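Asks: Show me how the following folds:
(one chain, ligands or ions: 2)
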Amino acid sequence: MDERRIADRFAGFDQDGNGYIDREDFYVAAKALLAEFSTTARCDKGQALFAGAEAFWQGMAGIADVDGDQRVTRGEFVTGAVKRLRDSPERFAEIARPFLRGALAVAGADDAGIGAPEARRVLKALGVEDGLAGTAVDALDADGDGRISEEEVVQGFARYFTVPE
Ligand code: CA
Ligand code: CA
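Replies: Ligands and ions are numbered 1, 2, ... in the order given. Purely as a prediction, here's the structure:
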């Protein structure tokens with residue numbers, strides 16, 4: 001993975017843009033999703049999303065926070081996370097699963113997942129620019145049934161870190 005793509009991935013996690021990834025970034029992402037779909041933090045879906053955000057952060061910290069200061073710097077991300085993600089994208093995707101499941105639930109998922117418009121709103125709430133979000137949603141719907149399922153999101157997330165654009 002080249003420098004620019006690593007910088008892109010890092011920026012995606014650094015939701016508040018302060019130059020490192022920490023727990024707050026995952027909470028910022030959860031709050032943005034709740035706001036986008038007018039969902040309260042106190043309801044079951046809100047609580048599940050925050051629990052998923054916490055699990056995602058703990059997983060990320062376990063992989064990449066080498067010095068244990070509760071912050072993942074760009075250097076830690078590059079040397080720790082990216083290498084391990086490349087070696088074991090499935091494991092990384094499992095770390096993200098509770099958060100991704102929570103996000104789908106907030107976006108109104110049924111058993112088959114969410115529709116493309118909702119998926120675009122999810123990505124936009126997470127800071128993905130509009131043009132890119134449309135392309136990403138098309139790519140996520142791997143079986144082409146017009147719904148984005150939990151499995152497709154988890155797999156897409158793993159691909160994002162391992163497959164060149
Ligand atoms: Ca940050
Ligand atoms: Ca650190």
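Asks: State the mean pLDDT of the longest helix anywhere in the chain.
Replies: Assignment by DSSP state H gives helix 44-64 as the longest helix of the chain. Helix 44-64 carries an average pLDDT of 95.
Asks: Pull out the buried positions in it.
Replies: By 16 or more other Cβ atoms under 10 Å, the buried positions in helix 44-64 come out as 45-46, 48-50, 52-57, 59-61, 63-64. Quick note: C-beta positions are derived from backbone N, CA and C, even for glycine.
Asks: again with stretch 124-139
Replies: 125, 126, 128, 133, 137.
Asks: CA atoms only: put the lowest-mean-pLDDT helix or strand in the chain into CSV for me.
Replies: Here the helix or strand of the chain ranked lowest by mean pLDDT, DSSP states H and E is helix 83-87, holding a mean of 76. What follows is helix 83-87 as a C-alpha-only set of coordinates in CSV (Å, rounded to 0.1, in the frame of the first residue of the first chain):
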residue,chain,number,x,y,z
LYS,A,83,0.8,-4.5,8.1
ARG,A,84,-1.5,-6.6,10.3
LEU,A,85,-4.6,-5.7,8.4
ARG,A,86,-2.8,-6.8,5.2
ASP,A,87,-1.8,-10.1,6.8
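Asks: what's the closest non-adjacent residue to residue 22?
Replies: residue 71 (4.9 Å; Cβ to Cβ, 6 or more residues apart in numbering).
Asks: Centre of the chain to the edge, which residue is at the far end?
Replies: In the chain, counting by Cα atoms, centre = their mean, residue 67 sits farthest out from the average C-alpha position, at 23.3 Å.
Asks: where does it land in three-state SS?
Replies: Using DSSP: H, G, I helix; E, B strand; the rest coil, the structure places residue 67 in coil.
Asks: Any idea how many residues pack against the closest residue to residue 59 other than its chain neighbours?
Replies: Among residues not flanking residue 59 along the chain, residue 95 sits closest, at 3.1 Å (Cβ to Cβ, 6+ apart). Residue 95 has 18 neighbouring residues, counting by other Cβ atoms under 10 Å.
Asks: surely residue 95 meets residue 56?
Replies: Yes - between residue 95 and residue 56 there is a contact under Cβ atoms under 8 Å: 6.1 Å.
Asks: if we can go back for a sec, wait, doesn't the residue farthest from the centre of the chain sit right on residue 75?
Replies: No - with contact defined as Cβ under 8 Å, residue 67 does not reach residue 75; the gap is 10.0 Å.
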